[in-house]
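Colleague: Show me the folded form of this:
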Amino acid sequence: MTASYRLASPTRFSIAAAGLVLMCICRPLMLLGQQSPTRLDTLHVQAASRVDPNLPALTRSIQLLTAEDISSLPVRTIAEMLEWATGVEVLNRSPAQSDLSIRGASFEQVVVLVNGVRMSDPQTGHFDLDLAVPLESVERVEVIRGAASALYGADAMGGVVNVVTRTDAVPFGGSVHGGSWRTMRVAARGGVTAGEEGGMSFNAGGEAARSDGHRDGTDYETLLFHGSLSHNFAWGRLAGDMGVSRRDFGAQDFYAPYPSFEKTRTQTASVGWESGVSQSLDLDLRLSARRHEDDFVLVRDDPSSYQNQHTSSQVGGSLLGRYAGIGGFDIAVGGELFRDKLTSSNLGDRSEGRGAVFAEALLSRPRSVVMSMGIRADWHQEFGAFVSPSLSASVIPDESARIRAALGRSFRAPTWTERYYQDPVNIGRPDLEPERAWSGELGLDLFASSGLNVSTTLFVRRATSLIDWAKSETAPDADPWETRNVEDATFKGIEADVEFNGPLAFRWTLSGIALTVDANEASGFRSKYALRPLREQMTLGAERSIGSAASIRIRVRHARREDENSYRRVDLRLNIWVGVGWLRLDMQNLTDFNYPDVTGARAAGRAFFAGYSLAPN
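Modeller: Numbers count the residues shown, from 1 in each chain. Below you'll find the model as predicted:
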């Protein structure tokens, strides 16, 4: 049987879409006769701390994007949602494939989690956002800026993104959207509780989307599903979730100057049990697995010319104990053990083990001082041991101000792609050394009774043995991209967020980041990723509700990358209540500004989308 490297026929897409529409308009029989669902008081996974998810957030630079943001922003994917976070750059190739950067870190230097479970791919960071989570299933997205290896080990140099799925038992909700480039998207989600006091909870969501793409070779078709189930069990709460995703997309010029095509498949599963052993001791046991398949054809119409097929997996578990001490002193101690495997036509068959033990202590004095201290020792089968300490604290002189500071060490082991990949224009090196970095930050948060909020952070990250793809500047067309260790690089910057009630009854936001990079690297080479972050980014946003029947949200963005001209982009969403749901009108890149995406080709121009979202009962 010959593999197909064209998108599926509209008939196959229509069948998937029809199934989701049916979910939107038909309530399951098991809900009949049931009382209105109640919101469960469950423990939400938060990425800020192992000890207490709430207090340590006071000591770090953290931003939350909520379900309310999803409904008011002109976004259709989690990647597009992350574009609205300060200090975050989403390097879009198309809605089917994007890279992620925080504070100028490369896409390999950011950890992505779903409900606290690691989703970052051991083969390459290009797949970190291949998430099996529909946008409608997202409760919030947590963005932790700065080093977090003391919490999550390798790769957490620039920051961490944690996608938290919804647990509320809304019976049904769904949406249908369409617009520019023959884009179509349909999605649905729902949930149910059962048993005494909501002892069991089930949630599920799915979406199907397709598009011809904004330029040749960026067409795509995606299908996502995510489900979760939790139940009271043995003096605790047993919870599991699973997800599957399918992405077929044109990849012209994504990684090389060829009309390429790519197919990816992702399957995830996790199960966890959390129990209060005593009034002061909690145990958290979790098992998880992730499998990712990638089929890449260099020349779409000639698969036999060059083709890569990779299947990576990571399986393991963790055990964590939390102890609530006396006088505001709490601790957490735990460990984890994982096995990563790869079967690849290009990279070979690989298998590596990794493990860690970690501890964190929290000292808090309400409305006064909060201090978090952490240490983690990681072991990697190929690269040995790494120790990552961290220290963060905040001083709260009064209810209107907070001063915070953080210091931490982080590291990153090179991926299999960086070590072993070979194609006509990219060459990996197996002798790469791991990256290491020290990061520090100092921040000030101000809160006024008038609704004015200001948050400012100064940060620095000094990295050694930085890994990057590079090529000779003297013969850029003849030489391939090759991985290497940059001697060292220092990233310095400032980020700020301001919110206030302003003119025309709008809620105004102003956010931005400015960054400098000082690299000691071998002369005569050009960096592909690691040394070419956004140097400046500024966003002006405005949001207003018009009674209870309409709302509008506008964003104007200015950005500039090293060695490129700056660009400006305007996006907006208009929500209007019609019937039993919201009519949503989106306009992206309203001024049709011409600027390059991460591949160097033109980014998406002016686009219009319209849709209808059924409000949950």
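Colleague: which residue ranges form the strands in the stretch 301-450 of the chain?
Modeller: 307-324, 329-344, 350-365, 369-380, 384-398, 401-412, 422-423, 426-427, 435-447 (DSSP state E, counting those that start in this stretch).
Colleague: Specify the angle between the last one and strand 384-398 in degrees.
Modeller: Counting by axes from the mean of the first three to the mean of the last three Cα atoms, to 10 degrees, strand 435-447 lies at 10 degrees to strand 384-398.
Colleague: can you check the fourth one too?
Modeller: Relative orientation of strand 369-380 versus strand 384-398 (the same axes, to 10 degrees): 170 degrees.
Colleague: Numbering from 22 from now on, please.
Modeller: With the count now opening at 22, the last piece we talked about shows up as strand 390-401.
Colleague: what packs against strand 390-401?
Modeller: The elements that strand 390-401 packs onto, with contact taken as 3 or more Cβ pairs under 8 Å, 6 or more residues apart in numbering; DSSP states H and E, are helix 170-173, strand 371-386, strand 405-419. The C-beta positions use only the backbone N, C-alpha and C, and glycine is treated the same way.
Colleague: Take those and write them to JSON lines, including mean neighbour count, distance to residue 232 and mean pLDDT.
Modeller: Putting the helices and strands packed on strand 390-401 into JSON lines (neighbours: other Cβ atoms under 10 Å; distance: least, Cβ to Cβ, whole Å; pLDDT from 0 to 100) gives the following:
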{"stretch": "helix 170-173", "mean neighbour count": "26", "distance to residue 232": "34", "mean pLDDT": "94"}
{"stretch": "strand 371-386", "mean neighbour count": "18", "distance to residue 232": "34", "mean pLDDT": "93"}
{"stretch": "strand 405-419", "mean neighbour count": "17", "distance to residue 232": "41", "mean pLDDT": "92"}
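Colleague: returning to what we had before: ranking the strands of the stretch 322-471 of the chain by mean pLDDT, which is last?
Modeller: Note on the strands of the stretch 322-471 of the chain: lowest mean pLDDT is at strand 443-444, with a mean of 82.
Colleague: mind listing what that one pairs with, with the direction of each?
Modeller: strand 447-448 (antiparallel) (DSSP bridges).
Colleague: what distance separates the partner strand from the middle of the whole chain?
Modeller: Its chain's C-alpha centre and that of strand 447-448 lie 27 Å apart, by Cα atoms, centre = their mean, to the nearest Å.
Colleague: Tell me where this structure has helices.
Modeller: Here the chain has its helices, by DSSP state H, at 31-46, 88-93, 99-103, 170-173, 437-441.
Colleague: who does the shortest one touch, helix- and strand-wise?
Modeller: Okay, so that is helix 170-173. On a contact count with 3+ Cβ pairs under 8 Å, 6+ apart, helix 170-173 meets strand 371-386, strand 390-401, strand 405-419, strand 422-433.
Colleague: Dump the strands of the stretch 322-471 of the chain into a markdown table; add distance to residue 514 as well.
Modeller: Converted to a markdown table, the strands of the stretch 322-471 of the chain look like this (distance: least, Cβ to Cβ, whole Å):
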| stretch | distance to residue 514 |
| --- | --- |
| strand 328-345 | 32 |
| strand 350-365 | 30 |
| strand 371-386 | 27 |
| strand 390-401 | 23 |
| strand 405-419 | 18 |
| strand 422-433 | 14 |
| strand 443-444 | 34 |
| strand 447-448 | 30 |
| strand 456-468 | 10 |
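Colleague: Out of those, flag the one nearest residue 198.
Modeller: Of all the strands of the stretch 322-471 of the chain, strand 328-345 sits nearest to residue 198, with 31.8 Å by Cβ to Cβ.
Colleague: what angle sits between the closest one and strand 350-365?
Modeller: 170 degrees.
Colleague: got the CA positions of strand 328-345 in PDB?
Modeller: Taking Å, rounded to 0.1, in the frame of the first residue of the first chain, the C-alpha atoms of strand 328-345 are listed here in PDB:
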ATOM      1  CA  GLN A 328      11.600  10.400   3.900                       C
ATOM      2  CA  ASN A 329      12.000  10.200   7.700                       C
ATOM      3  CA  GLN A 330       9.800   8.200  10.000                       C
ATOM      4  CA  HIS A 331      10.200   8.500  13.800                       C
ATOM      5  CA  THR A 332       8.300   7.100  16.800                       C
ATOM      6  CA  SER A 333       9.300   8.400  20.200                       C
ATOM      7  CA  SER A 334       7.900   7.400  23.600                       C
ATOM      8  CA  GLN A 335       8.400   8.200  27.200                       C
ATOM      9  CA  VAL A 336       7.000   6.100  30.100                       C
ATOM     10  CA  GLY A 337       7.400   6.500  33.800                       C
ATOM     11  CA  GLY A 338       6.100   7.600  37.100                       C
ATOM     12  CA  SER A 339       6.600   9.900  40.100                       C
ATOM     13  CA  LEU A 340       5.900   9.800  43.800                       C
ATOM     14  CA  LEU A 341       5.500  13.000  45.900                       C
ATOM     15  CA  GLY A 342       4.900  13.500  49.600                       C
ATOM     16  CA  ARG A 343       3.800  16.900  51.000                       C
ATOM     17  CA  TYR A 344       4.100  17.700  54.700                       C
ATOM     18  CA  ALA A 345       2.400  20.700  56.300                       C
END
